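> quick one: sequence and predicted model below, then my questions.
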Amino acid sequence: MTGAIRTSAALLCLCLGCRDAVHAVPSSASAPAQLDFGAVQVGESRTLPLTITNDSLSALDLTGADLPAPYTLTGAPAAIASSGTATVQVTFAPAAPQAYDATLTLQLNATDTPSLPVRLTGSGTAPVSQVPDAGPAGCSAATCGGTQACCGDVCVDTQSDPSHCGGCGACASGQSCVSGSCVSPAPTTCDDVTSPCPGAQKCCNHACTDVGPSGLCPCTAPGGGTTFDPGTIIIPMDACYQRGVDIATLPSYCNTANSSASGSDAPLKAYGLVFFLLRHQVTVYMGINPNKTSIDAVDLSIGSFVLRTTPVQRYDWASGKAVSLPDTTTTSVQYRGAPFIIDSSEHDRVLQLLATDPDFAQFRTAANVTVHIAGKSFQTAIAKSITAVPSRIALLYATAGSEVTTDILVRYLASAGLDFAGAGGTPASHGQIYDVLHESDFLPDYDHSNLKAGGYKLLWAPHWEGGTSNTPAQLQAIGDFVGAGGDLFAECAAIGTLEGLVGGQPGSSATRFMTSSGMDGNALNFGNSYGGPFTFNGLTSPFAQRGDFPFAGFNGAITDFFPALGSGYYSGVVRYVTASDDFGNATDLFTSIDQRDAGKGTVVYLAGHDYSPSGDYSGTVGVTAGSRLVLNTLFALGQNNICQP
């Protein structure tokens, strides 16, 4: 096969050449360095499998292969799925009793590995009938017992010998032979998407780590503060320093009433900035004060010992350099809303990425995400250590009137700068951020569904009213998904479909994750939005962090919810945002339950139809806070759960 397979260049780029677009994601593949066919008699042949691994976030095509006789290639696939493998068959049929040392060149549409060389070795031997005076027989299946095989007239161990692993073929360079299988060593630097760790290990701070039964990466400093040196990068997430306006206006709005009364997507764009940093294997920490008593309290404060010396600098997008804050009288900087922190050891590389890498072109152009650089060391508590891009979202597709769930999700992603070409996909062709799953992808049951086959760790249902004859089976599959450790975020009507709602959907015992007998709701009387008063709990949870942006509940199929009469919340439910109806009864707008100790997933519920900046309530107070609660689930669910002390 030579040049028999071709593909569209669209598979290789993500809006290449478009202004402010995300550049083509680097792609690469790998294959064993050598196949050794051993000795084969003339007139006979030996076939060995060759596995090609796609180490990329997008699908690749095998576009051709070059190899000389007497080697041939069969079973070549056209496409290799993202992070998947494909196996081709290489056959050696010697024409003469001699050694054959050749190179198979695989041709792919990968940016980093457009071709992969594989050395092919083998030797032809004369047929037994043509060997004069053969003398004593060498070896055979009869003379090589147990786990040995006859390779080149020698009995060899096929269970532990990397030169003859599972047969006469050799493992790739660097691999070891374990129980007859070639095993790759743990990568020196890992990522859960592009360079996953082997076995039960997990990628923690870009190192393969035995995480134990909890399945969580360890926090950097268990139970205490972590010291960060000068040069540490801080991405603010509060209304004072992350407002999307020229920082020169500081400190006029940094006061005791430090809150933004209008919608702003600047802190939402910061989530997108963090996503691309994670793609480049930059570890990002989330700092949350474990002792704060209000949701908008200070998480991190950096003060200067020298009068009139600012303790931090800011990153200037235009020049690509760290510059002083405009107001040199600022001697203390306080951060709220769980600022993102990047260790000083990554300082030079991160600033280089921000200044030159195409992934960050949109942020350089907009120049509305504030980035600070610490000028002195400081100590703070770490709530999360994020070392890999968020889990690919399985997005439950459902029509709600003229709007579908994908519309809502894309608006949330757009607010974070994550709506680039290739972000969305399907179970058959993965997207980089999410895959749209239709009802059939949950059927006939979880064990035989695309939901399980796709390896998803996070399911989103921004809006889902259920209603078809297959809904009970779909609910059971979702219940089994969470029961197997999958995480779930559900918004608005989806809460009623899962739990059951008085006067509405019946729900299912398989998906009553928070209540014993279902939900009631819509007890608050308001038009489009409701600004409280609220009671805020779970103040140190990564889910609840919104800083000092004011929260408001929005209208929808379910504006608020609470256990139905005769029902009740299960132990472990955290009620982050609670209000009181006209009769003084408590009702909730944002809750979660963490079931990891029982081997199950975490479930998060948010009332209100849509908090995205481009949704029905665009520009309304509460948009920023509500969108933050949604985007928090992107980083705090799936493979990025809270770190283990």
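Yep, it's here.

> ok, and the closest non-adjacent residue to residue 126?
Excluding the flanking residues, the one nearest residue 126 by C-beta to C-beta, 6 or more residues apart in numbering is residue 97, at 4.4 Å. In short, each C-beta sits where N, CA and C put it, glycine included.

> so which strand or helix has residue 335?
strand 332-336 (DSSP states H and E).

> how far off centre is the helix or strand following that strand?
Downstream of strand 332-336, the next assigned helix or strand under DSSP H and E is strand 340-342. Taking C-alpha atoms, centre = their mean, to the nearest Å, the mean C-alpha location of strand 340-342 is offset from the chain mean by 18 Å.

> now do the following helix or strand past strand 340-342: which elements does it pack against?
Later in the chain than strand 340-342, the nearest helix or strand by DSSP H and E is helix 347-356. Where contact means 3 or more C-beta pairs under 8 Å, 6 or more residues apart in numbering; DSSP states H and E, helix 347-356 is packed against strand 233-235, helix 266-279, helix 361-366.

> of the ones you listed, which is nearest residue 58?
Between residue 58 and the helices and strands packed on helix 347-356, the tightest spacing by C-beta to C-beta is seen for helix 266-279, at 12.5 Å.

> now that closest one against helix 347-356, angle please.
Orientation check (axes from the mean of the first three to the mean of the last three C-alpha atoms, to 10 degrees): helix 266-279 against helix 347-356 gives 110 degrees.

> can you list the strands that whichever helix or strand comes after helix 266-279 pairs with?
From helix 266-279 onward toward the C-terminus, using DSSP H and E, the following helix or strand is strand 284-287. Strand 284-287 pairs in its sheet with strand 340-342 (antiparallel), strand 378-386 (antiparallel), by DSSP bridges.

> mean confidence score for the next helix or strand after the longest one?
Moving toward the C-terminus from strand 378-386, the first helix or strand encountered (DSSP H and E) is strand 393-396. Strand 393-396 shows a mean pLDDT of 92 in the predicted model.

> the residue nearest to residue 126 and residue 123, how far apart?
With distances taken as C-beta to C-beta, to the nearest Å, residue 97 is found 8 Å from residue 123.

> dump the strands paired with strand 284-287 to a markdown table, plus distance to residue 504, mean neighbour count and mean pLDDT.
Below are the strands paired with strand 284-287 laid out as a markdown table (distance: least, C-beta to C-beta, whole Å; neighbours: other C-beta atoms under 10 Å; pLDDT from 0 to 100):
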| stretch | distance to residue 504 | mean neighbour count | mean pLDDT |
| --- | --- | --- | --- |
| strand 340-342 | 39 | 24 | 94 |
| strand 378-386 | 36 | 21 | 82 |
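
> mind putting those strands into a markdown table with distance to residue 576?
Converted to a markdown table, the strands paired with strand 284-287 look like this (distance: least, C-beta to C-beta, whole Å):
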| stretch | distance to residue 576 |
| --- | --- |
| strand 340-342 | 20 |
| strand 378-386 | 15 |
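
> which of the ones you listed sits closest to residue 150?
Closest to residue 150 of those is strand 378-386 (C-beta to C-beta; 51.8 Å).

> in stretch 389-401, what's buried?
For stretch 389-401, burial by neighbour count (16 or more other C-beta atoms under 10 Å) applies to 389, 390, 391, 392, 393, 394, 395, 396, 397, 398, 400.

> what is the nearest of these to residue 351?
For these, the nearest to residue 351 is residue 389 (20.6 Å; C-beta to C-beta).

> hang on, the closest one packs against residue 272?
No - the criterion here is C-beta atoms under 8 Å, and residue 389 misses it with residue 272 at 11.6 Å.

> domain ranges for the chain?
The chain breaks down by automatic domain parsing into domains covering 9-135, 225-386, 393-524+555-640.

> mind checking how far the shortest one is from the chain centre?
Which is domain 9-135. 30 Å.

> now that domain: average pLDDT?
Average pLDDT, domain 9-135: 73.

> if we can go back for a sec, count of neighbours near the residue nearest to residue 126?
Burial of residue 97 is recorded as 15 neighbouring residues (other C-beta atoms under 10 Å).

> repeat for the one 5 residues further on
By other C-beta under 10 Å, 15 other residues sit near residue 102.

> mind listing the helices for the stretch 401-550 of the chain?
With DSSP state H, counting those that start in this stretch as the criterion, the stretch 401-550 of the chain has helices at 405-415, 450-453, 471-483, 493-499.

> so which of the ones you listed is nearest residue 601?
With C-beta to C-beta as the measure, helix 471-483 is the member of the helices of the stretch 401-550 of the chain nearest residue 601 (4.4 Å).

> got the buried residues for that closest one?
Within helix 471-483, the residues that count as buried by 16+ other C-beta under 10 Å are 471, 473, 474, 475, 476, 477, 478, 479, 480, 481, 482, 483.

> name whatever forms a beta bridge with the closest residue in space to residue 175 that isn't next to it in sequence.
Nearest non-adjacent residue to residue 175, counting by C-beta to C-beta, 6+ apart: residue 182, 4.5 Å away. On the basis of DSSP bridges, residue 182 is bridged to residue 177.

> just the CA atoms of the strand holding residue 335, as CSV, please.
What follows is strand 332-336, C-alpha atoms only, in CSV (Å, rounded to 0.1, in the frame of the first residue of the first chain):
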residue,chain,number,x,y,z
SER,A,332,-1.6,45.4,49.8
VAL,A,333,-3.4,43.3,47.2
GLN,A,334,-6.3,41.1,48.3
TYR,A,335,-7.8,38.3,46.1
ARG,A,336,-11.2,36.8,46.4
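
> circling back: will you turn the helices of the stretch 401-550 of the chain into TSV that also has mean pLDDT and distance to residue 597?
Below are those laid out as TSV (pLDDT from 0 to 100; distance: least, C-beta to C-beta, whole Å):
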stretch	mean pLDDT	distance to residue 597
helix 405-415	85	30
helix 450-453	94	23
helix 471-483	97	14
helix 493-499	95	21
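
> same list (the ones you listed) but as a markdown table, adding distance to residue 432.
Shown next, in a markdown table, are those (distance: least, C-beta to C-beta, whole Å):
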| stretch | distance to residue 432 |
| --- | --- |
| helix 405-415 | 11 |
| helix 450-453 | 18 |
| helix 471-483 | 21 |
| helix 493-499 | 24 |
